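>>> Kindly generate the corresponding structure for this input.
(one chain, ligands or ions: 1)
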Amino acid sequence: MSHEVPFFNYSALFKEKETELMALIHDVLSRGAYILQQDLVDFEANLSKFLDVKHAIGVADGTNALKLSLWAAGINPGDHVIVPGHTYVASAASIHYVGAHPIFVECGADHMIDESVIEAAITPKTSAIMPVQLNGRTSNMEAICQIAEKHGLKIIEDSAQALGSKFKGQSAGSFGSAGTFSFYPAKLLGCFGDGGAVITNDDEVAKKVRLLRDHGRNEEGDVVDWGTNCRLDNLQAAVLDFKLKEFPQDIERRRQIAQMYQDGLSAIDQLVLPPAPDQGDHFDVYQNYEIEAGRRDELQQKLRDKGIGTIVQFGGKPVHKYPLGFKNTILTKTEELYTRMLLLPMHTALSDQDVNYVIEQIEGFYKS
Ligand SMILES: *Cc1c(COP(=O)(O)O)cnc(C)c1O
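Predicted coordinates for the structure are as follows:
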C-alpha cells in the first residue's frame with residue numbers, strides 16, 4: 001500500500017486533542033459565553049504576552065484585521081500602499097477596501113518583499129508599506145523601518161503567516177503601527193473556523209481597533225464613533241487560548257521538519273530551498289515550506305501519484321495577475337518565481353517517516 005502524506009491533516013490534528021477540546025467547548029457552551037467574554041479577554045492577554053506587545057485584539061479574521069489596522073492607522077482613500085506581489089489577494093483587497101491603492105513590488109531571494117526596491121516605488125501619495133511576513137519568516141524589518149522613517153510612512157505588517165516568527169528577537173507584527181494575524185484552520189495557530197487578531201504598541205491604534213470591531217462602542221457600551229461588527233467569537237478564543245499553550249512546541253516541531261527537508265534535499269541541484277532554521281537575524285516558524293523546483297509541474301504530478309499533497313501557493317498567480325486592474329504592472333522576478341515555487345507538506349501531524357518519504361520521492365524524481 002502506498003504511503004499517504006496529505007498536504008494538511010485537519011482531522012488528525014483534532015484527534016490528537018479531542019478529549020480536551022470537547023471538554024473546553026462544552027464548558028464554554030455551558031456558560032453561554034459567546035460574544036466578548038472572559039475567554040477572549042484571557043486569550044488577548046496571553047497573546048500579547050507571548051508576542052511581547054502592549055495590545056492584542058481579537059477580530060473576525062485575518063483580512064478584517066488588515067482592514068481595521070489600515071483604518072486605525074489613518075490610511076486614507078487615494079493613498080498608495082506598497083505591498084509585495086507575492087502575497088495572498090487579501091493583503092491587496094484590504095488596501096482596496098479602505099479606498100487606497102496597492103502598489104506591488106518584487107520579492108527577494110527569500111520570497112519576502114525586496115527592501116531594495118521599495119524606495120523607487122514611493123510616490124507623493126504613498127502613506128504606508130505593508131510587508132508580508134510570508135511562510136513564517138519575518139522580512140528585514142530594520143531596513144524597512146529605516147525607509148519608513150526616512151519618508152514618513154506607516155508600516156502595517158501582514159503577519160497572517162508568521163505568528164511567533166522574529167527578526168532580531170522582535171516578533172513579527174510588532175514593528176509598525178499595527179500587525180495582523182489569521183487563525184484560519186490551516187494557519188500556524190488555527191481555530192475551528194475564521195479568526196484573526198491585530199497587535200500594536202500604539203494605545204491610540206488599539207483603542208480605535210477595539211471601537212471599530214464592536215460598532216464603535218466604548219467599554220461602557222456607548223457608541224462614540226462609526227464601527228462595524230468584526231469580533232472574534234469567544235468560543236474560538238477559548239480554543240485558541242488552549243492551543244497557544246502548546247504553540248512553542250508546535251513551532252519547534254515545524255523547525256525540526258524544516259531541518260529534515262534541508263538535510264535531505266540540499267544536495268539536489270534543481271531545487272532552491274528556503275532559508276534553513278538557524279540563519280542569523282531571522283527566527284522562522286515555517287507556516288509553509290516553499291521550495292523552488294525545476295520541472296515543478298512534473299514533480300507535483302509525480303508526488304501526487306505517490307500520495308503526497310503539495311500546493312502552488314495563491315492559486316499559482318501573483319496578485320497583479322488577477323483581473324483586478326493591474327495590467328501594466330510587471331514584476332519579472334515574482335512572475336518567474338511563480339513558475340517554480342511549490343509548498344511541501346508542513347504541519348505538526350507529520351511523522352519523521354512522512355517527511356523522509358517525501359524526501360525520498362523527490363530524490364527519486366530528480367534521479368530519473
Ligand atoms: C491567510 C492570510 C490572510 C487572510 O487571513 P484570513 O483569516 O483568511 O482572512 C492574509 N494575508 C496572508 C498572507 C494570509 O496568508
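
>>> any idea how far the spatially most central residue of the chain is from the ligand?
Central residue of the chain (C-alpha atoms, centre = their mean): residue 161, 1.7 Å from the mean position. Distance, residue 161 to the ligand, using C-beta to the nearest ligand atom, to the nearest Å: 5 Å. (Glycine included, C-beta is placed from N, CA and C.)

>>> Same question for residue 301.
As judged by C-beta to the nearest ligand atom, residue 301 and the ligand stand 25 Å apart.

>>> where's that residue, which helix or strand?
When elements are assigned from DSSP states H and E, residue 301 belongs to helix 296-305.

>>> Now do the buried residues in the helix or strand following that helix.
Per DSSP H and E, the first helix or strand lying C-terminal to helix 296-305 is helix 332-337. Under the neighbour-count criterion of 16 or more other C-beta atoms under 10 Å, helix 332-337 has 334-335, 337 buried.

>>> Export only the CA atoms of helix 332-337, formatted as CSV.
Coordinates of each C-alpha in helix 332-337 appear next as CSV, following Å, rounded to 0.1, in the frame of the first residue of the first chain:
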residue,chain,number,x,y,z
THR,A,332,9.6,39.8,-13.7
LYS,A,333,11.2,38.1,-10.7
THR,A,334,8.0,37.4,-9.0
GLU,A,335,6.4,36.1,-12.2
GLU,A,336,9.4,33.8,-12.7
LEU,A,337,9.1,32.5,-9.1
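
>>> now it, how far from the centre of its chain.
For helix 332-337, the distance from its own C-alpha centre to the chain's C-alpha centre is 21 Å (C-alpha atoms, centre = their mean, to the nearest Å).

>>> Ok, stretch 2-15 next?
For stretch 2-15, the distance to the chain centre is 21 Å (C-alpha atoms, centre = their mean).

>>> Rounded mean pLDDT for the helix holding residue 301, please.
For helix 296-305, mean pLDDT is 98.

>>> what comes into contact with that helix?
293, 309-310, 312, 339-342, 358, 361-362, 365 (C-beta atoms under 8 Å, 6 or more residues apart in numbering).

>>> could you redo the last one with a cut-off of 6 Å?
For helix 296-305, the external contacting residues (C-beta atoms under 6 Å, 6 or more residues apart in numbering) are 293, 310, 340, 342, 361, 365.

>>> And the fifth one, how close does it get to residue 262?
Between residue 361 and residue 262 the distance is 17 Å, computed by C-beta to C-beta, to the nearest Å.

>>> Now the helix holding residue 301: buried residues?
In helix 296-305, counting by 16+ other C-beta under 10 Å, buried: 296, 299-300, 302-303.

>>> and the residues you listed as TSV, adding distance to residue 83?
Written out in TSV, the entries for the buried residues of helix 296-305 read as follows (distance: C-beta to C-beta, whole Å):
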residue	distance to residue 83
296	25
299	29
300	27
302	34
303	31
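
>>> quick check, nearest of these to residue 214?
Nearest to residue 214 among the buried residues of helix 296-305 is residue 300, at 44.0 Å by C-beta to C-beta.

>>> Pull the number of nearby residues for the nearest residue to residue 114 once chain neighbours are set aside.
In space, and not counting its chain neighbours, residue 114 is closest to residue 108: 4.0 Å by C-beta to C-beta, 6 or more residues apart in numbering. For residue 108, the count of nearby residues is 16 (other C-beta atoms under 10 Å).

>>> What of residue 283?
23.

>>> Got the phi and psi for it?
Dihedral angles phi and psi of residue 283 (degrees, to the nearest 10) take the values phi -110, psi 100.

>>> And it, what's its pLDDT?
Predicted confidence (pLDDT) for residue 283: 98.

>>> Double-check it against residue 166; I have them as touching.
Yes. Counting by C-beta atoms under 6 Å, residue 283 does reach residue 166; the two are 3.9 Å apart.

>>> Flag every buried residue along stretch 148-157.
Within stretch 148-157, the residues scored as buried using 16+ other C-beta under 10 Å are 148, 153-157.

>>> Oh, that last question was meant for stretch 336-353, not what I typed.
For stretch 336-353, a neighbour-count test (16+ other C-beta under 10 Å) marks 337-338, 340-350 as buried.

>>> so can I have a markdown table of the residues you listed showing distance to the ligand?
Below are the buried residues of stretch 336-353 laid out as a markdown table (distance: C-beta to the nearest ligand atom, whole Å):
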| residue | distance to the ligand |
| --- | --- |
| 337 | 15 |
| 338 | 15 |
| 340 | 20 |
| 341 | 14 |
| 342 | 17 |
| 343 | 12 |
| 344 | 17 |
| 345 | 17 |
| 346 | 14 |
| 347 | 15 |
| 348 | 18 |
| 349 | 19 |
| 350 | 20 |
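
>>> Just those residues: which are in strands?
Judged by DSSP state E, the subset of the buried residues of stretch 336-353 located in strands is 341-344.

>>> Tell me the one of the residues you listed nearest residue 242?
Relative to residue 242, and with distances defined as C-beta to C-beta, the nearest of those is residue 343, at 27.1 Å.
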